[in-house]
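Chemist: pasting the sequence and the predicted model now:
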Amino acid sequence: MRVLIIITGSTATQDVLNRIWEITEPIVTKEDKVSLVLTCAEHDNFTLLLPEVVERDVHYCIDQPSTYEQYYRLKEFLENRLVDLLIFYGDKRGHELAVKLSIWLGCGFFPDTYRMQRCDNELRFLRKTCGSNLEWEITANTVPFIITAAQGRGQGITESKIAKPLLLSSAVNQKSDWLLRREVLKCLQVNALESASRVLIGGLGLGGKAVCDKMRKVASRWHMVPGFTRPVAMNGWCHIDEIVGQSGCRTAPSLCIALGVSGSAAFQVGIAGAKTLIAVNRDPDAPIFKYAQVGAVADAQGFVDALFQLSLTD
């Protein structure tokens, strides 16, 4: 197995490497090849205490790094090497690079990994969730695979905090005096966002549930499928099935209009297949404009109002 460790934006390189090695060591053997890439600015004569399995001749420094430069330099680096596992550690640029490279390579991506295990030909990655009270795991049996390593020292979840199924007896399932209403929610079999040719996506810039509801009416009038970012759902302005992004639905429409969406890396995963992206945001420095073919610096709420009025006269 070929492992590539990529450290971004760090000045305490040795401390970072030690932390990375705590996570990586359980899956690495002496037969594996481990390479190290430093994308932070380093002085010419620096020394690192490296584990024996790390190849000592592949320190690959990028001076004056930017996300754009790092992406293409790393692509060039990867094209010349067979890599099974990429491990990113560092600032938010490292996370953005990991997302971009996973899209380019068409491979699996798992963020904030704090522990790894190896079982036969499979790799098992674990991360903390629900306020670090539960573990979320994924098993990879295809390569390449990309992860970002969690910051800080990860501790295992105690047995008392591991989620266990709750078994309900028939008596509990029966109608009780304290149970006022019971409703069975059916899971959607097919999410319309996945196959939509045109989508209209709203973010926190919409400002409230009323504007989100108005955006849905605009989408319906123009035969578009509405979607929203995760923060919108967390505020209760939309349903969880309407989330577009890494933790929600992924869509690849011919036209995607994003209103009031900042454009985080996790959101970009959800619309990576969009042919044309039109973005509206009042912040001229919003990351969404880096990916949009057409951008407008404007208030998203006012933009929805204008679209709503236009849809009434169309």
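Modeler: Good, I have the coordinates.

Chemist: could you grab the helix/strand/coil label for residue 5?
Modeler: Look at residue 5: counting by DSSP: H, G, I helix; E, B strand; the rest coil, its state is strand.

Chemist: I figured it hits residue 24, correct?
Modeler: Yes. Counting by Cβ atoms under 8 Å, residue 5 does reach residue 24; the two are 7.1 Å apart. For glycine as for every other residue, the C-beta is placed from the backbone atoms N, C-alpha and C.

Chemist: which neighbours do these two share?
Modeler: 34, 87 (Cβ atoms under 8 Å, 6 or more residues apart in numbering).

Chemist: not counting its neighbours along the chain, what's nearest residue 95?
Modeler: Sequence neighbours aside, residue 148 is the residue nearest to residue 95 in space, at 5.3 Å (criterion: Cβ to Cβ, 6 or more residues apart in numbering).

Chemist: element containing that neighbour, please.
Modeler: strand 145-149 (DSSP states H and E).

Chemist: ok, that strand: who's next to it in the sheet?
Modeler: Strand partners for strand 145-149, identified by DSSP bridges, are recorded as strand 85-90 (parallel), strand 108-113 (parallel).

Chemist: pick the most buried one from the ones you listed.
Modeler: strand 85-90 (a mean of 25; mean count of other Cβ atoms under 10 Å).

Chemist: give the rounded mean pLDDT of it.
Modeler: Mean per-residue pLDDT for strand 85-90: 83.

Chemist: ok, stretch 237-253 next?
Modeler: 90.

Chemist: buried sites along that stretch?
Modeler: Going by neighbour count (16 or more other Cβ atoms under 10 Å), the buried part of stretch 237-253 is 237-238, 242-246, 248-249, 251-253.

Chemist: which ones are touching residue 193?
Modeler: 199, 225, 227, 242, 244, 249, 251 are the contacts of residue 193 under Cβ under 8 Å, 6+ apart.

Chemist: those into JSON lines, with extra columns for distance to residue 191 and secondary structure?
Modeler: Supplementary listing: the contacts of residue 193 in JSON lines, determined by distance: Cβ to Cβ, whole Å; DSSP: H, G, I helix; E, B strand; the rest coil:
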{"residue": "199", "distance to residue 191": "11", "secondary structure": "strand"}
{"residue": "225", "distance to residue 191": "9", "secondary structure": "strand"}
{"residue": "227", "distance to residue 191": "9", "secondary structure": "strand"}
{"residue": "242", "distance to residue 191": "9", "secondary structure": "helix"}
{"residue": "244", "distance to residue 191": "10", "secondary structure": "strand"}
{"residue": "249", "distance to residue 191": "5", "secondary structure": "strand"}
{"residue": "251", "distance to residue 191": "9", "secondary structure": "coil"}
